[in-house]
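*Asks:* any chance you could fold what I've pasted below:
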Amino acid sequence: MHRATLRVRNFAALPFDLTIVTYLILLTVWDDRIPDTLATHFGGGDGGRADGFTGRVAFAGISVGLLLVLRTGWRVLVRRTALWGAWATAGFAGTLLVLVLRDNLDAVDPARVTSPLTNLAVAAAVAAVLALVGWGLTLLVPPGDLAGLPAETDGPRLALGASEVAGWTRATASLPMTLIGVIALAVPVGLVREPWPDALLALPGLVIGVPSLALARIRVTVDRRGVTVRPSLFSWPRVRVPLDEVAGASVRELDIPAVHTDFGGWGYRVRGDRTGIMLHSGEALVVRRNSGREFVVTVPDAHTAAALLNTLAERHGKV
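*Replies:* Residues are numbered from 1 along each chain as shown. Sure thing, here's the model as predicted:
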């Protein structure tokens, strides 16, 4: 794995590691003050009085499990520019879990425990502070350290006259990504209507489901601005490789589900010195940046896209 990529992933996992360790320490320190049954569900009215309960062992297991799921998701999917999101997520979830424990300390009757809405404000404040920490850590990760590698110059070309202007665009979809998104959102759709902390259980589904549906159908465009990939129905989020960063383009055949391939799965993938959006097996447009990194997207008629991109890049004076 590329050193820069490994560093980003470790920085993304760090806040969850710290949160889990802190949570386990508090469980130990507060052991004799935590009741056998905890109030874990609070109504929106009546001062946030408890109306749902969980055993202390089960609550500890669910809490640590949630943090581990979030840790895994962020570590796999994080990008350098999104480190702040991992730190904010760990801060928000961890603070709410700790506050639930605090509200239950020394409780004789769990039914009388309350959890004020100000807890949400405290968690949001902690998340904001940690987001700044995560943003600061991006300064310790170089954008790329593969500069200087030879450019790819043997890709296809599309014949264009000196005064001709051309563009190429193609939409493509993925049934597996659609199914993953729908299934992942099935449970959160019901849970988001629940008072917290039950609503926290919706986070893993939202983290998986929303990006999956956003990437289930995309549009790939090659024009004078470079190559742009975005959801078909929205203009954001999008990935763009500007024309002046294109060192060359080519076509590669990929077998997405196979674990021995470069990416080994669907969705937005990060593998060493390459990133990609994988929707299906077959043709993929491979864009090599001047830094040496690759961006790959599976799309039909990738040969035409690569040929046009190489021609436009040559005209731009970069190939």
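*Asks:* quick one, helices of this protein?
*Replies:* Listed in chain order, the helices of the chain (DSSP state H) span residues 3-29, 56-77, 83-104, 118-137, 175-191, 203-215, 302-316.
*Asks:* which one, of those helices, ends up nearest to H280?
*Replies:* Closest approach to H280 among the helices of the chain (CB to CB): helix 175-191, 8.0 Å. C-betas here are computed from N, CA, C, even on glycine.
*Asks:* tell me which other helices or strands the closest one touches.
*Replies:* Helices and strands touching helix 175-191, by 3 or more CB pairs under 8 Å, 6 or more residues apart in numbering; DSSP states H and E, are helix 203-215.
*Asks:* kindly recompute the last result at 10 Å.
*Replies:* Contacts defined by 3 or more CB pairs under 10 Å, 6 or more residues apart in numbering; DSSP states H and E place helix 175-191 against helix 203-215, strand 217-223, strand 267-271, strand 274-278.
*Asks:* for the worst-scoring helix or strand of the chain on mean pLDDT, the distance to its chain's centre please.
*Replies:* When the helices and strands of the chain are scored by mean pLDDT, DSSP states H and E, helix 175-191 comes last with a mean of 72. The chain centre lies 16 Å from the centre of helix 175-191; the measure is CA atoms, centre = their mean, to the nearest Å.
*Asks:* flag every buried residue along that helix.
*Replies:* For helix 175-191, the neighbour count (16 or more other CB atoms under 10 Å) marks P176, M177, T178, I180, G181, A184, L185, P188 as buried.
*Asks:* relative to Y268, which of those residues is nearest.
*Replies:* M177 (10.1 Å).
*Asks:* in space, what's closest to that closest one - neighbours in sequence excluded?
*Replies:* A216 (4.1 Å; CB to CB, 6 or more residues apart in numbering).
*Asks:* for the one you found, give me phi and psi.
*Replies:* Backbone geometry at A216, expressed as degrees, to the nearest 10, gives phi -70, psi -30.
*Asks:* check contacts around it.
*Replies:* 173-182, 231-233, 266-267, 279 (CB atoms under 10 Å, 6 or more residues apart in numbering).
*Asks:* cutoff 7 Å now
*Replies:* By CB atoms under 7 Å, 6 or more residues apart in numbering, the residues touching A216 are A173, S174, M177, T178, G181.
*Asks:* roughly how far does the fourth one sit from V227?
*Replies:* Relative to V227, T178 is positioned 24 Å away (CB to CB, to the nearest Å).
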